[in-house]
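[1] Here's a sequence, model it:
(2 chains)
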Number of protein chains: 2
Amino acid sequence: MSSPIPSLTPPKRILMGPGPSDTAPRVLAALGAPTVGHLDPYFLQVMTETQSMLRQVFRTKNELTLAVSGTGSAGMETCVVNLIEPGDKMVVCVNGVFGGRMADVAGRAGAQVTTIERPFGEVFSPEQIAEAVARVKPKVLGIVHAETSTGARQPLEEISKIVHDAGALLLADTVTSLGGLPVEVDGWQLDAVYSGTQKCLSCPPGLAPVTFSPRAVATIEARKSKVASWYLDMTMVRNYWGQDRAYHHTAPINMNYALREALALVLEEGLENHHARHKKHHLALKAGLTAIGVSYAVAEPYQLPMLNAVTIPAGVDDLKVRQQLLNEFGIEIGGGLGPMKGKTWRIGLMGETCNSRNVLILLAALERCLGDQGYRCASGAGVAAANEFYRRS
Amino acid sequence: MSSPIPSLTPPKRILMGPGPSDTAPRVLAALGAPTVGHLDPYFLQVMTETQSMLRQVFRTKNELTLAVSGTGSAGMETCVVNLIEPGDKMVVCVNGVFGGRMADVAGRAGAQVTTIERPFGEVFSPEQIAEAVARVKPKVLGIVHAETSTGARQPLEEISKIVHDAGALLLADTVTSLGGLPVEVDGWQLDAVYSGTQKCLSCPPGLAPVTFSPRAVATIEARKSKVASWYLDMTMVRNYWGQDRAYHHTAPINMNYALREALALVLEEGLENHHARHKKHHLALKAGLTAIGVSYAVAEPYQLPMLNAVTIPAGVDDLKVRQQLLNEFGIEIGGGLGPMKGKTWRIGLMGETCNSRNVLILLAALERCLGDQGYRCASGAGVAAANEFYRRS
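    Predicted structure coming up:
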C-alpha cells in the first residue's frame, strides 16, 4: 500500500466562457450513476432515447442521428471524412477559427479545398456563397452556424437553397448554437450537422451529436473508398447505434447517461422556451454592458445570444481582468482567439449558465475589475440596466 | 414547459465481461464533481497529475504520455495514424478481433499492410515475428498484448528486441492489460502504446491513455505529410497537454477527473499489488471453474488474469446462460467475438470488479444457470474450490 493520494476537489466556478458551460445538477448525478455494459439492454434503451431526443433538438427525422464518442472537433472530423473522398472538391467558409479548422480537416481527408473568407466577426452573404459554388462546383460546402471564436451567427436557410441548387451538400457546424438558437436541420435542409455537448446542452464535453440527411447517407453509401477514419466511420458506427447493435467500439457509457439527461432537461423546458431563455438573458446582459460602455464586436443582426463577443475597452488589461474574475469571483469568461486575442472577451450564457443571477453577478464583478484597471463608468450602471430590462420584460 | 421526462436509473450490475468493468465509487464521485473550464488552472493541474500517474502505470519516462479524448479504439487509431504515412510498410499481427481491427486502421492510414496470423486464442512466437520483419522490412510492427477477443497474453519483450534489430518501431495494444498485468513500456522498449480506461483502471470508457517513446516522437517529427486525423494529431495534441497548453480541442473535463482518480486508486494500492490482486482472483476463479468442469480456451502460459476465456460446455445455450446471469443475478459476462461467437464466454475480473466476492457469486450463479440447462456437476464444487484456494493463499 503506497501513501494516499488526495481526492480531487474542483472549485465551483461559474462558467461564462465559450464552453464548457455549467453542468446541470441532474446531469452531474447521471455522470456518477453506476456504469452498465455497453451492450446491456438498459444502455441500448438509453441510446435509443438519446437518438430520439437528439432528433427533436436537431428538428429532424434523420435516421442517422447519434452521438459520436469524441468532442465537438471529432464531430467536425466525422462529418468531413464520411462525405469526402480523396480528390473531392469542398468549399469551406472561413470567418473564424473553426472555419479554418474545417479547411484543415478537409485537406487531411484528401479534399481539394477552396476557402472563401470574411473578416473575423462578419458573416457570408448569399451572393458570396453563390459565386463560390458556381466557380468551384464542389461536392460539399462547409460553414459554421455559430462561430465560437467570434460570436457571429451565420444565417443558413438561404445559403442552403443556393448550395443545393448547385448540386452540393451543406455541412454545418452547430457546436455553439444547438439548444440556444433554432437549428432547423430538416427545415433548412442541412445535410451533415455536428455539435458538442458542453455549450447550450449543459453537459460536460466528451460527445459530439451528429445528424446526416438521407442525401448525405446516400453519398456515404456510394463511396468508392473506405472512410479514412475507422473510429469515425459512420457505415459502421450506424450499425452500433442502429437495430443491429453490431459491436464497433465501446461507447462512453456515463457520458451518454449525461447527454440523455441533458437532452431531457432541454425538452422538459421546451425547445422554444430554451431558445427564448437564451435570447432574454443575452438582451439583459447587453443592456448592462451597453450601460457601462462595453460594446459588441459583432454587428447587431448577427450577434449570438449564447456567446457575447465584446471589445475590451482601451487601456484595460485583458488577462488581469480575466484572472481577477476567476480568482476573486470564481467566474470564467473567455479571451479572444486568433486575431481577436487581446482584443475581445467572449462571455458565454449557455444552457445551465444562462440565468439572471449569472447576468447580474457578471456585470457587478466586471464593473469592479474594470474599475480596478482605472476604467470609469457610472457606478452600478450595468446591474441597474439589466435589472431594468428584466423588470420590463 | 413540456411534461417531465423521468431521470435515468441504471441497474446495479456486476460487470464481469470484457469491459467496461465496475467503476470505483471514488471515480463515480469524481465524474459528478463540478465541471471547470478546460484552461482553468485547476484543470491544467489535473492534466499534469494525470500525465505523471499515467507514466507510473505505463512504467515509462516518455514525455509524450497523455489521455486521448476518445475510447481505446481512438487510442489505436492515434498510434497508427501518427506513425504511418501513405506508403509506409506495416506488419500487423492478427490473432484476434483487435489485431484485425489494427490492420484495417493501418490500411485506411495508407500503410502497405502485411498481416501475419495465428489462430484465435494462440500467440506469436519470436521466430514468426523475426521472419516477418526480415521479409517485409516494415516501418512499424503492431501487436496486441492482451487480446480482448480471445483472452490470450502475447509476450512482448523478446519480440521488441527482434523488431528493433530490424530497424522498426513496435506498436502495442494494452487496452485490456494495463493495470492488470505488467506493461513495461521502457523496460521492453515499446514505441507507441495505447490503452483504455474501462478495463483494469476501474473507470468508465471514454479516454485512451497513450505513450510514445522518444524514437516514436522523432518519427512523428520527421513526417513529410500531415497526420491524416486532425483530432488525433499528436503534433498538436501534445502542445495542448504540454507546457504551452495551446488550445486544440476541449478535453472531456469530467472524464479526465475520473481517470485521475482511477490512476490514484491504482497507485495507492501499489502497481505491483494491483497486478498481484488480478493474478490471485484469476487463480481462484480458475480453481472454481475447473472444479465444475469448465475449461479455458487458451493454453495455460498465455491465459490473461483479467479476462478468462472459457469454452462453453457442450449442450449449453450461450445466450440463455448470459441472459439468466444478467436478469436474475445482475451479472454481465461476455460472449465470444468473431469465430469464438457461441463457443466461448469471456469472464472479466478487472480493476474494481476483481475481488473474492465477485469470484464466489459468479461461480455460485453460474452453477445455477448451468444446472438449469441440464449441465451436471458436483453441487457447490466451484465455490468450494475457490474458497479452498483463498484459504491456502
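
[2] show me what contacts A:Thr78?
    A:68, A:70, A:194, A:208, A:210, A:229, A:232, A:234 (Cβ atoms under 8 Å, 6 or more residues apart in numbering or on different chains). For glycine as for every other residue, the C-beta is placed from the backbone atoms N, C-alpha and C.

[3] host element of it?
    helix A:72-83 (DSSP states H and E).

[4] Now do that helix: distance to the chain's middle.
    Remark: helix A:72-83 is offset 14 Å from the chain centroid, using Cα atoms, centre = their mean, to the nearest Å.

[5] the inter-axis angle of it versus helix B:72-83?
    Angular relation of helix A:72-83 and helix B:72-83 on a 0 to 180 degree scale: 70 degrees, by axes from the mean of the first three to the mean of the last three Cα atoms, to 10 degrees.

[6] Next secondary structure element downstream of helix A:72-83?
    With DSSP H and E, the next secondary element past helix A:72-83 is strand A:89-94.

[7] Find the residue closest to A:Tyr240 in space, skipping its chain neighbours.
    Spatial nearest neighbour of A:Tyr240, chain neighbours left out: A:His248 (4.0 Å); criterion: Cβ to Cβ, 6 or more residues apart in numbering or on different chains.

[8] Assign that neighbour to helix, strand or coil.
    Judged by DSSP: H, G, I helix; E, B strand; the rest coil, the three-state class of A:His248 is coil.

[9] can I assume it is in contact with A:Met234?
    No - assessed by Cβ atoms under 8 Å, A:His248 is found out of contact with A:Met234, at 10.3 Å.

[10] higher neighbour count, these two?
    Each of A:His248 and A:Met234 has its neighbours counted (other Cβ atoms under 10 Å in any protein chain shown); A:Met234 has more, 25 against 20.

[11] thought the more buried one was touching A:Phe212?
    Yes - A:Met234 is within contact range of A:Phe212, at 6.9 Å (criterion: Cβ under 8 Å).

[12] which residues do the two both contact?
    A:64, A:82, A:220.

[13] Okay, now stretch A:182-198: how far is its last residue from its first?
    With Cα to Cα, to the nearest Å as the measure, stretch A:182-198 spans 17 Å from end to end.

[14] wait, I meant stretch A:298-317
    21 Å.

[15] And stretch A:233-247, by the same measure?
    13 Å.

[16] Of the contacts of A:Thr78, keep whichever come out buried.
    A:68, A:70, A:194, A:208, A:210, A:229, A:232, A:234 (16 or more other Cβ atoms under 10 Å in any protein chain shown).

[17] Restricted to helices, list the residues you listed.
    The helices, defined by DSSP state H, take in A:Met234 from those.

[18] Rebuild the buried ones among the contacts of A:Thr78 as CSV, extending it with pLDDT.
    As requested, the buried ones among the contacts of A:Thr78 are exported to CSV (pLDDT from 0 to 100):
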residue, pLDDT
A:Val68, 98
A:Gly70, 98
A:Tyr194, 98
A:Ala208, 98
A:Val210, 98
A:Ser229, 98
A:Leu232, 98
A:Met234, 98
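
[19] Close to chain B as well: tell me which of the buried ones among the contacts of A:Thr78 qualify.
    A:70, A:229 (Cβ under 8 Å from any Cβ of the partner chain).

[20] Chain B: which of the buried ones among the contacts of A:Thr78 is nearest?
    Proximity of the buried ones among the contacts of A:Thr78 to chain B (Cβ to the nearest Cβ) peaks at A:Gly70, which lies at 4.7 Å.

[21] right, and the closest one touches A:Val210 too?
    No - using Cβ under 8 Å, A:Gly70 makes no contact with A:Val210, being 10.3 Å away.

[22] Run through the strands of the stretch 151-300 of chain A in chain order.
    Here the stretch 151-300 of chain A has its strands, by DSSP state E, counting those that start in this stretch, at A:152-153, A:169-173, A:192-194, A:208-212.

[23] between the ones you listed, which one is nearest to A:Pro119?
    Each of the strands of the stretch 151-300 of chain A was scored for nearness to A:Pro119 using Cβ to Cβ, and the closest is strand A:152-153 (10.0 Å).

[24] Now the closest one: average pLDDT?
    Summarised as a single mean, pLDDT over strand A:152-153 is 98.

[25] who touches it?
    By Cβ under 8 Å, 6+ apart, strand A:152-153 touches A:95-96, A:121-123, A:145-146, A:177, A:181, A:298, A:302-304, A:309.

[26] 7 Å - rerun?
    With contact meaning Cβ atoms under 7 Å, 6 or more residues apart in numbering or on different chains, strand A:152-153 is reached by A:95, A:121-123, A:146, A:181, A:298, A:302-304.

[27] contacting residues for the residue lying closest to A:Asn82 once chain neighbours are set aside?
    Counting by Cβ to Cβ, 6+ apart, A:Asn82 lies nearest to A:Met234, which is 4.7 Å off, once chain neighbours are set aside. Taking Cβ under 7 Å, 6+ apart, we find A:Met234 in contact with A:64, A:78, A:82, A:212, A:220.

[28] about what we covered before: tell me the one of the shared contacts of A:Met234 and A:Phe212 nearest A:Ile361?
    Using Cβ to Cβ, those come closest to A:Ile361 at A:Leu64, 41.7 Å.

[29] you'd agree that closest one is up against A:Ala218?
    No - with contacts counted by Cβ atoms under 7 Å, A:Leu64 stays clear of A:Ala218, the gap being 10.8 Å.

[30] Who has more neighbours out of those two?
    A:Leu64 (21 against 10).

[31] closest to chain B among the contacts of A:Met234?
    Nearest member of these to chain B, counting by Cβ to the nearest Cβ, is A:Thr78, at 9.0 Å.

[32] The closest residue to chain B within the stretch 251-393 of chain A: how many residues sit nearby?
    Relative to chain B, the nearest point of the stretch 251-393 of chain A is A:Pro252 (3.4 Å; Cβ to the nearest Cβ). Counted with other Cβ under 10 Å, residues neighbouring A:Pro252 total 28.

[33] For it, which non-adjacent residue is closest in space?
    In this structure, A:Pro252 finds its nearest non-sequential neighbour in B:Gly206, 3.4 Å apart by Cβ to Cβ, 6+ apart.

[34] That neighbour: neighbouring residues, count only.
    Neighbours of B:Gly206 using other Cβ under 10 Å come to 33.

[35] Repeat that for A:Ser52.
    So A:Ser52, with other Cβ under 10 Å, has 12 neighbours.

[36] and it, backbone torsions?
    When read as degrees, to the nearest 10, the backbone of A:Ser52 gives phi -60, psi -40.

[37] Show the pLDDT at A:Gly242.
    88.

[38] Return the residues in contact with A:Gly75.
    With contact taken as Cβ under 7 Å, 6+ apart, A:Gly75 is in contact with A:68, A:194-196, A:208, A:210.

[39] whoops, I mixed them up, A:Leu169
    Counted by Cβ under 7 Å, 6+ apart, A:Leu169 has contacts A:83, A:139-140, A:191-192, A:215-216, A:219.

[40] Over to A:Leu263?
    A:50, A:53-54, A:57, A:201.

[41] Give me the buried stretch members for stretch A:2-16, please.
    A:5, A:8, A:10, A:13-16.
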